[in-house]
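Peer 1: sequence unavailable; structure follows:
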DNA sequence: GAGACAAATGCAAATATATAAATATATTAT
DNA sequence: ATAATATATTTATATATTTGCATTTGTCTC
């Protein structure tokens, strides 16, 4: 039998891990490109952002591992996309909050 | 004269710093209590969450420093509150995304 | 199978973050 | 000024993250 508090703590940890995964300039930039159900390959992202292939893959791995993205291999390519569409809200919110400061 | 890319990079950094500030179980718990324009003192939060006073102040300092919270001193107390009401969206979104996994 | 392309992994150095304990500052009341 | 209460800062140690490079694994075409 598990206490409610533990459940809460577990969910808080999960939420913190998701946010930690997103909380990186490059990974926010990645999410901006994946709004509205878009699917992109590792190479497309690495070219869009101008960062190393291995670095790109690493960032995508973190986002996938923490439940932010899903991936699907199709032939030579692996497409990445948002696990929950609603996650775009976070990017939108950040965009609004960093407008005028 | 500043390039657009630099502006983008600056905003991404600012956004990442805000998120990094939020991405911690205790700090998410703090934000949950500050929804809907609520204002709470350091002591209230430290009693609500059952964590050390100095730890509480430290967390609040991080949230304020990174632009998530504002504070206002009134007598002996310092009240903390959300800088942008819209930031509650992030907590709401996390709550939805960590429901069933 | 060999070669080409796409993606993932292991590694190491630099950098960043968390935590708690101790200390310091600010405000009010006496 | 002193004591009491409320916050904030400092410090040190432990731990985690970022990054590029080199390597490896997976997939397709020939």
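Peer 2: That came in fine, so what should we check first? For clarity, every value in this text was computed on a predicted model and none was experimentally measured.

Peer 1: what does chain A have sitting close to chain B?
Peer 2: A:9, A:11-16, A:18-20, A:22-29, A:67, A:83-84, A:86-87, A:89-90, A:93-98, A:101 (Cβ under 8 Å from any Cβ of the partner chain). All C-beta spots, glycine's among them, are computed from the backbone N, C-alpha and C.

Peer 1: next step: those residues restricted to strands.
Peer 2: Per DSSP state E, strands hold no members of the residues of chain A next to chain B.

Peer 1: in helices only, show me those.
Peer 2: A:9, A:11-16, A:18-20, A:22, A:25-29, A:89-90, A:93-97 (DSSP state H).

Peer 1: count of neighbours near the closest residue to residue A:19 other than its chain neighbours?
Peer 2: Nearest residue to residue A:19, sequence neighbours excluded (Cβ to Cβ, 6 or more residues apart in numbering or on different chains): residue B:23, at 3.6 Å. Applying other Cβ atoms under 10 Å in any protein chain shown, we find 22 residues neighbouring residue B:23.

Peer 1: and the one 5 residues further on, by the same measure?
Peer 2: Around residue B:28 sit 20 other residues, with neighbours defined as other Cβ under 10 Å.

Peer 1: then residue A:38?
Peer 2: There are 12 residues near residue A:38, going by other Cβ under 10 Å.

Peer 1: same check, this time on residue A:72
Peer 2: 10.

Peer 1: for residue A:68, same thing?
Peer 2: With other Cβ under 10 Å as criterion, residue A:68 counts 25.

Peer 1: quick check: residues of chain A near DNA strand D?
Peer 2: Within chain A, the positions near DNA strand D by Cβ under 7 Å from any atom of the strand are A:20, A:24, A:26, A:51-52, A:54-55, A:58-59, A:62, A:73, A:75-76.

Peer 1: many thanks, I have nothing further to ask.
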